[in-house]
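**Q** Please find the sequence and the predicted model below.
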Amino acid sequence: MSDNGYKSGSNLEKVLKAGHFAFTGECGPPKGANVAHLNEKMAPLRGMVDAVNVTDNQTAVVRMSSKAASALMVQAGIEPNFQMVCRDRNRIAMQSDILGAHALGIRNMLCLSGDHQQFGNHPESKNVYDIDSMQLIALVKKMRDEGKFLNEEEIDEPPRMFIGAASNPFGDPTEFRVYRLANKIDAGADFIQTQCIYNMPRFREFMKRAVAMGLTEKCYILAGVTPMKSAGMAKYMSKFVPGMDVPPELIKRIEGAGKGKMAEEGIKFAIEQIEEFKQMPGVAGVHLMAIEWEHKVPEIAERAGVLPRPRVD
Amino acid sequence: MIIADRKPLEEILEMTRPYDNIMLVGCKGCVTVCNAGGLKEVQVLASILRIARKKQGRPLQIEERILERQCDPEYVEQLRDGYDQYDAVLSMACGVGPQFLSEAYPSQRFFPTVNTTFMGGATQHGIWEERCAGCGRCITHFFDGMCPIARCSKSLQHGPCGGSASGLCEVSKDIVCIWDLIVKKKTEQGRLEDLRIYWAAKDWRTARDGGPRRSIREELVK
């Protein structure tokens, strides 16, 4: 079914399979139909990353559809990682969108539960959650590998996706997180992108367990990095973003850099992290989520020594 | 049982604005147990409405009644004599009550005075919590007596999601993360391996998604 043994043949899959240290980015579609704005946001990522995550109404705020934005990215010659959440679509819409995404040239997909709509700009809405992220992973795999819909009907041309999933090593209950990761891998995840990491000792511990359980041999794990722009951002994330672990020492370090120098200190920390991840057993790459800071990605990539990005044919 | 909360007084006053003579009917079922629409609540609401309307200079006559249950035609029938003597009838039962009353007495207008919220129970005096989503296919035994469909904000069958923090749900600090409790109980009992099981996508046809439901007990049908 697949060419050259690839599951989808996406650039990200090729880079990872060839054993390169992967580097992925992220781009939130605009709050409007403004294609020029999307192009502006994705332009700095060109050539800097192996694939760009296109978020799906992240934080439950309405934005341009992730499928449309991913397709525009394909047209622009940048590889998208199409995110899909379980909040807004039932299994009918999901399967339809997966077929559509493939038809539009999309070859990577990230399967997520999605932030609850309570956080977003339409808290009055009804959610779906027909299936959960685990079942979405299994669904994409079934469509790709068995060529069947969830109801066992044959698909005339199966969609080929490199299947991604998320993992939050810092969510509670901590001791269960590695098992949930294992479940996602068993369900069919080809790669994992983790939640933003700030607490390095906790992440080292998490990775040790993942390696010990043999998970890193079955799946590529990309460590999540989000550079802090300021101490204010660090404090906000620590206090208000559920499942985020920002150690007080880090907040102090950013704050200590002083006015006008905090962003640089945040970038420095991110680069130190990337350097460590390159050496960390089981880590196959980094997922850089430079939130509304896409233009900083080239500088970070350069300073982190991940350029030029490999070309695998 | 079914839990309900009384509607705000303003809303009930607005409903009854055109009328001078109404009947207020409580229910001795669930709404009595959850203190939303039993005899006491009928008396209290009737008094409040009378006072409010008197202040407006438009006194309201209210007949206070209570039925054994408003979800049973046998008891609904007890309003046959006299239901049409009133401008309108207010029900203090769950959402089933005003509907059963409307079906039995099509010429009368019935109004709900409570908002029906969920199926649950009292966790302490004065506090009720949701426990069942009525999905029509009970799986609580697989999760050590805890229902992820009703009690996880995302109804995840493979939780907890990344938003679980310190035992609480990302949606609100007032919501317990049920998956946190499931994992803790499984861990304590040495059965964490149970949570390595993959659950196939749920068949929602037995839930509300299959359309309004009907339960038939053949042996009871005459």
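**A** That came through fine. Residues are numbered from 1 along each chain as shown, chains lettered A, B, ... in the order given.
**Q** can you list contacts of the lowest-mean-pLDDT helix or strand in chain A?
**A** When each helix and strand of chain A is scored by mean pLDDT, DSSP states H and E, helix A:231-240 comes last, with a mean of 93. The contact list for helix A:231-240, computed with CB atoms under 8 Å, 6 or more residues apart in numbering or on different chains, reads A:Cys196, A:Tyr198, A:Met228, A:Met244, A:Asp245, A:Val246, A:Leu250, A:Ile251, A:Ile254, A:Glu255, A:Met262, A:Gly266. Where C-beta positions appear, they are placed from N, C-alpha and C, glycine not excepted.
**Q** So which bits of that helix are buried?
**A** Buried residues in helix A:231-240, counted by 16 or more other CB atoms under 10 Å in any protein chain shown: A:Ala231, A:Met233, A:Ala234, A:Lys235, A:Met237, A:Ser238.
**Q** Show me which of these is closest to chain B.
**A** Nearest to chain B out of these is A:Ser238 (CB to the nearest CB; 11.2 Å).
**Q** average pLDDT for stretch A:302-313?
**A** Here stretch A:302-313 scores 96 as its mean pLDDT.
**Q** and for that stretch, what are the contacting residues?
**A** A:11, A:14-15, A:17-18, A:20-21, A:23, A:47-50, A:267, A:270-271, A:274-275, A:286, A:301.
**Q** Kindly report the domain assignment for chain B.
**A** B:2-118, B:133-209 (automatic domain parsing).
**Q** Chain A is nearest to which of those?
**A** Closest among these, using CB to the nearest CB: domain B:133-209, at 3.4 Å.
**Q** and the closest one, how far out from the chain's middle?
**A** The chain centre lies 22 Å from the centre of domain B:133-209; the measure is CA atoms, centre = their mean, to the nearest Å.
**Q** For B:Val76, pull up the helix or strand it's in.
**A** helix B:73-76 (DSSP states H and E).
**Q** Give the other helices and strands that that helix contacts.
**A** In this structure, helix B:73-76 makes packing contacts with helix B:96-104, judged by 3 or more CB pairs under 8 Å, 6 or more residues apart in numbering or on different chains; DSSP states H and E.
**Q** List of residues touching the helix it packs on?
**A** B:2, B:25, B:27, B:37, B:70-73, B:76-77, B:79, B:89, B:91, B:108, B:110-112, B:116.
**Q** Could I have the buried ones of these as ChimeraX selection syntax?
**A** Command for ChimeraX that selects the buried part of those, burial taken from 16+ other CB under 10 Å:
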select /B:2,25,27,37,70,71,76,79,89,91,108,110,111,112,116
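**Q** SS state for the spatially most distant residue from the centre of chain B?
**A** The centre of chain B is farthest from one residue, B:Gly190, which by CA atoms, centre = their mean lies 36.6 Å away. The three-state assignment at B:Gly190 reads coil, by DSSP: H, G, I helix; E, B strand; the rest coil.
**Q** which ones are touching A:Ala71?
**A** A:Pro80, A:Ala101, A:Leu104, A:Gly105, A:Ile106 are the contacts of A:Ala71 under CB under 8 Å, 6+ apart.
**Q** per-residue pLDDT, the second one?
**A** If you check A:Ala101, the pLDDT there is 98.
**Q** do the same with the last one
**A** What the model reports for A:Ile106 is a pLDDT of 98.
**Q** Provide a list of residues in contact with it.
**A** Taking CB under 8 Å, 6+ apart as the test, what A:Ile106 contacts is A:Lys67, A:Ser70, A:Ala71, A:Val74, A:Pro80, A:Phe82, A:Met161.
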